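1. What follows is a predicted structure for the sequence shown.
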Amino acid sequence: MDVYRLLPGDNCGECGTKTCMGFATELIERRGEVDDCPPMLEPEREDDRKELVELLTPPVRPVTIGTGDNAFVIGGEEVVYRHEKTWYNQAAIIIDVDDEMEGEELKEKVNWISDYSRIKIGQELSFNGIAVRAKSEDPSKFKEAVELVAENTTYPLVLCSYDSEVLKSGLEIVSDRNPLLYAANMDNWEKVADLAIEHDCPMVIGSTDIDEIVEISTRALSKGVEDDQIVLDPGTDPTDLRSTTNRLVKLRRAAIEDEFEPLRFPLLGIPSTAWMSEEDENDAAFMEASIACALVVNSIDALIFHSDEIWSLMPSLVLRQDLYQDPRNPASVEPELNEVGDPDENSPILITANFALTYYTVEGDCEGIDAYIYPVDTDGTSVTSAVAGDLMTADKIVDAIEEEKFAEKVSHKNLILPGKAAVLSGQIEVDSGWNVMVGPEDSSGIKDFLADNWPPKEE
């Protein structure tokens with residue numbers, strides 16, 4: 001109602017929603033923007049617009065890094081605990097390079113970071129950005145490295161140095177790409193803040209002392225740094241993970257529960273510090289992965305890694321995917337007849353649930369065979385839960401036979417139900433006239449089942 005009161009209230013529909021109350025709901029659920037309402041852009045509504053934008057801005061300020069299609073947003077969260085509502089912006093996974101790497105080595109790693117992609121339950125797992133470390137602390141050498149990186153990727157960049165002159169040299173190359181500047185501390189904050197203001201880009205404030213972070217952020221805001229251009233790094237100590245996570249929890253609670261202005265910013269973790277305490281590369285990569293996962297579950301908004309071993313990076317990619325799935329909306333796929341391989345009129349039709357993990361597991365287990373798969377709309381629940389909760393029913397499957405025109409796809413009238421939905425078979429046969437075959441309870445047995453039972457024997 002607070003949002004609704006600030007809207008025009010004339011239900012003009014110009015925003016694409018029939019009523020202002022409906023638009024208010026869209027705004028709260030982050031499915032729309034204030035500027036989607038043309039009347040709110042009128043000069044006489046400017047005060048209401050500003051108040052509405054502030055009202056809708058989440059406790060943790062969202063910060064955009066990069067430009068174009070690969071730009072990403074960190075922060076923007078409203079709750080401390082994911083189950084209270086949801087977390088919106090996935091923790092960014094950033095891989096580092098440094099200015100002492102040889103040209104070909106640097107180019108090769110940049111290309112690998114940019115090109116890496118895997119699909120899990122229908123979603124792409126990939127990295128978000130590249131951090132360029134000024135290992136040499138030589139402005140000219142750093143500038144050359146940034147230039148080479150920029151030529152070989154469109155990914156957002158993090159420029160890493162405590163020397164403002166080094167950061168300035170990198171900005172000469174990529175200031176138009178909205179890089180993140182790392183980092184400001186008590187000694188250099190003013191010069192880094194000047195760079196952030198001059199080039200209109202975000203900056204990191206780093207300290208293991210929360211009081212120092214408050215002081216620097218307060219000064220930076222007073223100097224003119226925008227509140228959507230600050231990221232906080234409370235330090236990542238690989239030898240004292242408890243203190244690290246305690247600082248994260250304090251900062252996140254201060255932002256969300258107390259709405260303490262100097263701390264309402266995204267949090268950056270640097271698990272790559274593991275490489276400073278471990279001599280063996282495998283030990284360092286393992287420790288880095290362990291630290292990263294601990295940070296991801298403790299509200300971190302961005303991570304900087306050093307490892308390029310996918311076995312040490314994949315745990316964070318997968319954990320991130322799981323945690324940032326909206327708990328109010330289980331991962332699901334559209335209920336439609338899908339093809340696996342190159343099915344024809346003689347191919348089997350398999351029935352399953354539309355829970356994404358279930359569907360893509362079935363699809364993966366059907367690799368190498370030609371078949372149709374129909375995921376019944378079960379509100380994103382598994383077969384077992386859907387049958388028990390009357391979400392997978394005979395009526396839904398019978399309706400799908402007609403709506404999806406199964407009979408036009410195949411010349412036979414046979415369906416294969418998952419074993420755990422066997423109880424539905426009789427009613428489906430009576431209501432549809434199709435023959436129902438009860439398949440294995442686990443989709444890993446589909447190939448063996450089809451080898452023994454397909455095509456079905458004629459009676």
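-> Cool, got the structure.

2. give me the element residue 147 is part of.
-> Using DSSP states H and E, residue 147 falls within helix 139-152.

3. Beyond that helix, next helix or strand please.
-> Later in the chain than helix 139-152, the nearest helix or strand by DSSP H and E is strand 157-160.

4. Let me know the average pLDDT across that following strand.
-> Averaging pLDDT along strand 157-160 yields 98.

5. just stretch 77-97 next, same as before
-> Computed over stretch 77-97, the average pLDDT equals 92.

6. do stretch 451-459 as well
-> Mean predicted confidence for stretch 451-459 is 83.

7. which of the residues in that stretch are buried?
-> Buried residues in stretch 451-459, counted by 16 or more other CB atoms under 10 Å: residue 454. (Each C-beta comes from the backbone N, C-alpha and C, glycine too.)

8. same check, this time on stretch 203-221
-> Applying 16+ other CB under 10 Å to stretch 203-221 flags 203-207, 210, 212-217, 219-221 as buried.

9. and of those residues, the nearest to residue 158?
-> Of all the buried residues of stretch 203-221, residue 204 has the smallest distance to residue 158: 8.1 Å, by CB to CB.

10. Partner strands of the helix or strand hosting the closest one and their direction?
-> Assigned by DSSP H and E, residue 204 belongs to strand 203-206. Using DSSP bridges, strand 203-206 pairs in its sheet with strand 180-184 (parallel), strand 230-233 (parallel).

11. distance between it and the chain's centre?
-> 22 Å (CA atoms, centre = their mean, to the nearest Å).

12. that older thread, and which of the buried residues of stretch 203-221 is nearest to residue 176?
-> Checking the buried residues of stretch 203-221 one by one against residue 176 (CB to CB), the nearest turns out to be residue 203, at 16.6 Å.

13. so which strand or helix has residue 358?
-> Going by DSSP H and E, residue 358 is part of helix 356-365.

14. In that helix, which residues have enough neighbours to count as buried?
-> Under 16+ other CB under 10 Å, the buried positions of helix 356-365 are 356, 357, 358, 359, 360, 361, 362, 363, 365.

15. check contacts around the fourth one.
-> It refers to residue 359. Residue 359 sits next to 121, 122, 333, 352, 353, 373, 375 when contact means CB atoms under 8 Å, 6 or more residues apart in numbering.

16. Now that we have these, can you turn them into CSV and tack on neighbour count and distance to residue 321?
-> CSV is the format used below for the contacts of residue 359 (neighbours: other CB atoms under 10 Å; distance: CB to CB, whole Å):
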residue, neighbour count, distance to residue 321
121, 20, 8
122, 13, 11
333, 21, 15
352, 26, 21
353, 30, 20
373, 23, 22
375, 26, 20
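
17. which two of the buried residues of stretch 203-221 lie the greatest distance from each other?
-> Farthest pair in the buried residues of stretch 203-221, by CB to CB: 203 and 210, 17.9 Å.

18. about what we covered before: can you name the element that comes right after the strand holding residue 204?
-> helix 210-223.

19. Could you list the residues in contact with that following helix?
-> Contact with helix 210-223 is made by 184-186, 189-190, 193-194, 196-197, 203, 205, 207, 227, 230, 232, 234, 247, 250-251, 261-263, 265, as judged by CB under 8 Å, 6+ apart.

20. Not including adjacent chain positions, what is the nearest residue to the most centrally placed residue in the chain?
-> Centroid-nearest residue in the chain: residue 90, 3.5 Å away (criterion: CA atoms, centre = their mean). In this structure, residue 90 finds its nearest non-sequential neighbour in residue 324, 4.6 Å apart by CB to CB, 6 or more residues apart in numbering.

21. what about the helices in the stretch 301-450 of the chain?
-> Along the stretch 301-450 of the chain, counting by DSSP state H, counting those that start in this stretch, helices occupy 310-323, 356-365, 383-388, 394-403, 406-409, 425-432, 446-453.

22. Now render these as TSV, adding distance to residue 156.
-> Converted to TSV, these look like this (distance: least, CB to CB, whole Å):
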stretch	distance to residue 156
helix 310-323	17
helix 356-365	28
helix 383-388	40
helix 394-403	43
helix 406-409	45
helix 425-432	51
helix 446-453	42
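
23. out of the ones you listed, nearest to residue 242?
-> Comparing the helices of the stretch 301-450 of the chain by CB to CB, helix 310-323 comes nearest, at 19.6 Å.

24. for stretch 94-108, which positions count as buried?
-> Neighbour-count burial for stretch 94-108 flags 94, 95, 96, 97, 98, 99, 101, 106, 107 (criterion: 16+ other CB under 10 Å).

25. Out of those residues, flag the one nearest to residue 2.
-> For the buried residues of stretch 94-108, the nearest to residue 2 is residue 94 (36.6 Å; CB to CB).

26. which one is the closest one nearest to, not counting chain neighbours?
-> residue 129 (4.2 Å).

27. Now do the contacts for that neighbour.
-> 65, 66, 72, 92, 94, 95, 155, 156, 157, 158, 180.

28. which of those residues are buried?
-> The neighbour-count criterion (16+ other CB under 10 Å) marks 65, 66, 72, 92, 94, 95, 155, 156, 157, 158, 180 among these as buried.

29. got TSV for those, with distance to residue 82 too?
-> Output for the buried ones among the contacts of residue 129, formatted as TSV (distance: CB to CB, whole Å):
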residue	distance to residue 82
65	22
66	25
72	19
92	17
94	22
95	25
155	27
156	25
157	29
158	25
180	24
